[in-house]
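Trainee: here is the input, now give the coordinates:
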Amino acid sequence: MKISKVTPLVMGTPWRELLFVKVETDDGLVGVGEARPLGRTETLLGYLKEVLPRYVLGADPFEVEKLTHRMFREDFGRAGEVVMTGIALIEIACWDIMGKALNQPVYRLLGGAVRDRIKAYANGWYRVERTPEEFHKAAQQVAAKGYSALKFDPFGAGFYELDRAEKVRVLDLIEAVASAVGPGVDLLIEMHGRFNPVTAVELAKEIARYKPAWIEEPVPPENLRALRDVKEAVLPMGIPVATGERMHTPYEYRELFELQAADILQVDITHYGGLLNAKKLAATAETYYMLMAPHNVGGPVSTAAALHLAAATHNFKIQEFFNDFVDQHVMDAAPGVPPVIDGYFALPNGPGLGVTLDEDLIAAHPTRGTHFNLFVEDWHKRQSGG
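Mentor: Got it, this is the predicted structure:
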């Protein structure tokens, strides 16, 4: 079996673009991959155009170790976000092909299920005016839908620090959400890499009363020693630190492990070279007693891939999901992902990833050239946080 053709397909939404790939083989099997490029859709398409004839076409989809290693190493330049996203698109589609060839769901090829359902948390629900009243009402809708965990960024356009009035506003927003959902719902506080360490720790002290399930990316991702400083400061408060969505290679994670700078790893499978890389990362994380909570701002294929990893990973914690609250139609681009019921996904059905691409629906939603910018004050109204 050889890969004979790869077709990229771009789907536009008001705040993100989804890039799908359809990977065909010479014996008629088709696999799919998907990622949300971060303002680099055309760049990623250009990368695929260059590497498909070089490494992918004619490759055996069962030989993902060989294929991804060649894509990672043989261009000589250092791999980063674009390269690792391109690798992931092809790698995930190869797992889909393997599952279909063997008539098995992907999670069985990754070691088999270690749980019978997958806990989810809600994101994308607070695309409202940044006021306590609107956050309160939106949070009530999340709880009414059965979620027992939700994530939100209350910090507006802050960067490095916040003035006193803005800190008060932030605490009012958190209080509004906490009072809306009650003590039975976990609050995951997203910081989006905004703050310097002293500000991140100061804010953590203020929100400790709400017992957050984690604070996420409290400092920018480039300096893991700064992240370590935050983790050490908030450890006595009992607040876990989560990070990882903007870490793209195993070598970046090496330093994080050495510093033990986080408690929860939020690797994005679609920006980290795919499922096998993420599975290896989870194995290393387990030796440090770290948990996995994969980042997922994508649509149906990236969600399906994350669920297969979750099903087969002991130290999995919880799965991010946007599409119950924003752009619900994107899930129809590849039907087959189990819905969230009472805060949980059922295990995905096979064979493969268990989804089927709807090319007509994707074509009906062309690119909009959207740009995701977290550092403007009205971003809550215009787009959802990732």
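
Trainee: domains of this protein?
Mentor: What automatic domain parsing lists as the domains of the chain is 3-103, 107-353.

Trainee: in a markdown table, list those along with mean pLDDT and distance to Leu374.
Mentor: Glycine gets a C-beta too; all of them are placed from N, C-alpha and C. As requested, the domains of the chain are exported to a markdown table (pLDDT from 0 to 100; distance: least, Cβ to Cβ, whole Å):
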| stretch | mean pLDDT | distance to Leu374 |
| --- | --- | --- |
| domain 3-103 | 97 | 11 |
| domain 107-353 | 97 | 5 |
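
Trainee: now distance to His371 and mean neighbour count too, for those domains, in JSON lines please.
Mentor: Output for the domains of the chain, formatted as JSON lines (distance: least, Cβ to Cβ, whole Å; neighbours: other Cβ atoms under 10 Å):
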{"stretch": "domain 3-103", "distance to His371": "6", "mean neighbour count": "19"}
{"stretch": "domain 107-353", "distance to His371": "15", "mean neighbour count": "20"}
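
Trainee: indicate which one of those domains is closest to Gly369.
Mentor: For these, the distance to Gly369 is smallest for domain 3-103, at 7.9 Å, taking Cβ to Cβ.

Trainee: secondary structure element for the residue nearest to Cys94 when sequence neighbours are not counted?
Mentor: In this structure, Cys94 finds its nearest non-sequential neighbour in Pro61, 4.1 Å apart by Cβ to Cβ, 6 or more residues apart in numbering. Using DSSP states H and E, Pro61 sits in no helix or strand.

Trainee: assign the closest residue to Asn315 other than its chain neighbours to helix, strand or coil.
Mentor: Residue nearest to Asn315 in three dimensions, not counting chain neighbours: Glu286, with 4.6 Å by Cβ to Cβ, 6+ apart. Of the three states, Glu286 takes helix under DSSP: H, G, I helix; E, B strand; the rest coil.

Trainee: isn't there a helix covering Ala242?
Mentor: No - remark: Ala242 does not belong to a helix; assigned using three-state DSSP, it is strand.

Trainee: and it, what does it touch?
Mentor: For Ala242, the contacting residues are Leu188, Trp214, Ile215, Glu216, Glu217, Ala262, Asp263, Ile264, Leu265, Gln266, Ala293, by Cβ atoms under 8 Å, 6 or more residues apart in numbering.

Trainee: export the residues you listed to CSV and tack on distance to Leu171?
Mentor: Shown next, in CSV, are the contacts of Ala242 (distance: Cβ to Cβ, whole Å):
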residue, distance to Leu171
Leu188, 17
Trp214, 18
Ile215, 14
Glu216, 17
Glu217, 19
Ala262, 24
Asp263, 23
Ile264, 23
Leu265, 28
Gln266, 24
Ala293, 25
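
Trainee: for the stretch 51-200 of the chain, which segments count as helices?
Mentor: Along the stretch 51-200 of the chain, counting by DSSP state H, counting those that start in this stretch, helices occupy 64-73, 81-102, 106-109, 132-144, 164-181, 197-207.

Trainee: now do the stretch 251-386 of the chain
Mentor: Going by DSSP H, counting those that start in this stretch, the stretch 251-386 of the chain shows helices at 275-287, 300-311, 359-363, 379-382.

Trainee: can you redo these as a markdown table with distance to Val51?
Mentor: Converted to a markdown table, the helices of the stretch 251-386 of the chain look like this (distance: least, Cβ to Cβ, whole Å):
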| stretch | distance to Val51 |
| --- | --- |
| helix 275-287 | 17 |
| helix 300-311 | 20 |
| helix 359-363 | 22 |
| helix 379-382 | 33 |
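
Trainee: nearest to Glu65, out of those helices?
Mentor: Taking the helices of the stretch 251-386 of the chain one by one with Cβ to Cβ, helix 275-287 is closest: 7.1 Å.

Trainee: what helices and strands are in contact with the closest one?
Mentor: helix 64-73, helix 81-102, helix 250-259, strand 264-265, strand 291-292, helix 300-311 (3 or more Cβ pairs under 8 Å, 6 or more residues apart in numbering; DSSP states H and E).
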